[in-house]
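[1] Got a predicted model here, sequence first, then my questions.
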Amino acid sequence: MWHNATYHDILIALRQKLNDPKSPGPKAEVRTCAQVVKVDPSHGVIFFADGSQAHGHIIIGADGVHSVCRPYIPQGNNQRFRIQRGVFRALIPRETLLADPKTSKFVEQLGHAICYNLEERSLLVFPASEHENICVKLLYDDHKGFKSLCKDWREPSSRTKMLRIAAGLPEECIALLEKIEAQNLQDQPIWDMDPLSNFHSHRLVLMGDAAHPMPPYCGQRVAMAIEDAIALGTVLDPEVRLEELEERFKLYSTTRSTRAAAVQQFVRGLSELDMWGGTSGFDATAFRTYILGHNERDHMTQALSYWKMQKSLQQDISKVASNVTKPTNRTPDNTPQPKIAPVRRKSWFSKFLPSKQRPIVALVGT
């Protein structure tokens, strides 16, 4: 079963949650059309392009592959780079595919993903928005993409280019792609970046593509962002205190950077065909076990419990050390104990020194 939500679905859900009067905690303020130009991790300040500022106890940098927040992380100046792959993305209403016998096979079974592979191309079709829409993803080799590094990935692309690249795929695939409207088609570059060893600095913490851009194979780019959110929500539980923020961010950073780097190294150089065991020399079963068998909430809950136990133990040790009875100069019956002068030990060369009874007299002249 595949469960997927579009960005539009997620934004609507977040907005509804923020406006829900039953939601615990303070209400969030949504500020739109506010470009962030820099942040101050030490004081929790965000600076906007219009000169205004926002202050908070924490800053969550979830601003994508072109993150403004990332350079403020120690050793966060890793340069992103494009790999020689591109991807067309689009949404098609389920009813549109169901009405055509050539494309109805893509939506007959709810919750199923279908993958086609031909040479350097992969077509992935899966449901979204509670099966109301169908996501289409066509990956292809993009050896000429480096000429347009600054191209906005949101710019609609040509259907003609997509259909030319898809030539050779089965007839039902071509029929599927022909139902994509030009204004709904996006041609995106695929970005990558060497793993960061740290995701936080003072009150600033990174998540998603801001922390670990990677190829989107097997849905792992989005999956890692979702795991980040689950981990961060677990670490920032209702018991958190302001003075503990940096320690908890360090815990989040340590656990998440380790897993994200492992997944990133797995997917580098692979394809959708590799993920599903379609090529020799790659253990797809072990890969899927590590990816799909992971429960981030349980993992982070266990890590947080261990951290709390260690912190409690350290506090207990400090209390015991501070309460140790110091020695006093009083006897058990509370009477003052006579002071005993310390015994001075003679050094080995004391026999060569004159005694106090025989002072040295220096004769000067005659």
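    Perfect, thanks for sending it.

[2] shaky segments in the stretch 1-150 of the chain?
    Within the stretch 1-150 of the chain, the set of residues satisfying pLDDT under 70 comprises 1-6, 143-150.

[3] That should have said the stretch 201-350 of the chain, apologies.
    269-283, 324-350.

[4] all helices of it, in order?
    When assigned using DSSP state H, counting those that start in this stretch, the helices of the stretch 201-350 of the chain occupy the ranges 220-235, 245-267, 272-275, 284-292, 296-322.

[5] do you know which of those lies nearest residue 67?
    Across these, the minimum distance to residue 67, taken as CB to CB, is reached by helix 220-235, at 12.5 Å. In short, each C-beta sits where N, CA and C put it, glycine included.

[6] what packs against that closest one?
    Judged by 3 or more CB pairs under 8 Å, 6 or more residues apart in numbering; DSSP states H and E, helix 220-235 is in contact with helix 245-267, helix 296-322.

[7] ranking the ones you listed by burial, who's on top?
    helix 245-267 (a mean of 19; mean count of other CB atoms under 10 Å).

[8] what's the domain layout of this structure?
    Here the domain assignment for the chain is 33-79+195-309, 81-191, based on automatic domain parsing.

[9] May I see those domains arranged in CSV, with distance to residue 16 as well?
    Supplementary listing: those in CSV, determined by distance: least, CB to CB, whole Å:
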stretch, distance to residue 16
domain 33-79+195-309, 17
domain 81-191, 15
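
[10] for the ones you listed, which one sits closest to residue 316?
    Closest to residue 316 of these, according to CB to CB: domain 33-79+195-309, at 10.6 Å.

[11] Okay, now that closest one: how far is its last residue from its first?
    Domain 33-79+195-309 has an end-to-end distance of 44 Å (CA to CA, to the nearest Å).

[12] Would you format the helices and strands packed on helix 220-235 as TSV with distance to residue 97 included?
    Conversion of those to TSV gives the following (distance: least, CB to CB, whole Å):
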stretch	distance to residue 97
helix 245-267	29
helix 296-322	33
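
[13] Between those helices, which one is closest to residue 30.
    Residue 30 sits nearest to helix 245-267 of all the helices and strands packed on helix 220-235, at 23.2 Å, using CB to CB.

[14] quick revisit: which one of the helices and strands packed on helix 220-235 lies closest to residue 32?
    Proximity to residue 32, assessed across these by CB to CB, is greatest for helix 245-267 (27.1 Å).

[15] Could you dump the helices of the stretch 201-350 of the chain into TSV with distance to residue 8 added?
    As requested, those are exported to TSV (distance: least, CB to CB, whole Å):
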stretch	distance to residue 8
helix 220-235	14
helix 245-267	26
helix 272-275	24
helix 284-292	26
helix 296-322	24
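
[16] Compare those helices and give me the one nearest residue 159.
    Of the helices of the stretch 201-350 of the chain, the one closest to residue 159 (CB to CB) turns out to be helix 272-275, at 22.0 Å.

[17] closest to residue 13 out of the domains of the chain?
    With CB to CB as the measure, domain 81-191 is the member of the domains of the chain nearest residue 13 (11.1 Å).

[18] Distance across the closest one, terminal residue to terminal residue?
    Here domain 81-191 reaches across 6 Å from its first residue to its last, counting by CA to CA.

[19] try stretch 15-26
    14 Å.

[20] Residue 177 and residue 98, how far apart?
    If you measure residue 177 against residue 98 using CB to CB, to the nearest Å, the figure is 17 Å.

[21] So between these two, which is more surrounded?
    When residue 177 and residue 98 are compared on other CB atoms under 10 Å, the one with more neighbours turns out to be residue 177, at 22 against 14.

[22] So that one sits against residue 163, correct?
    Yes. Because the distance of 6.1 Å satisfies CB atoms under 8 Å, residue 177 is recorded as touching residue 163.

[23] can you give me the strands in this protein?
    Per DSSP state E, the chain carries strands over the ranges 36-40, 45-48, 53-55, 59-61, 81-93, 114-118, 121-128, 133-141, 186-192, 200-201, 204-206.

[24] No further queries at this time; thank you.
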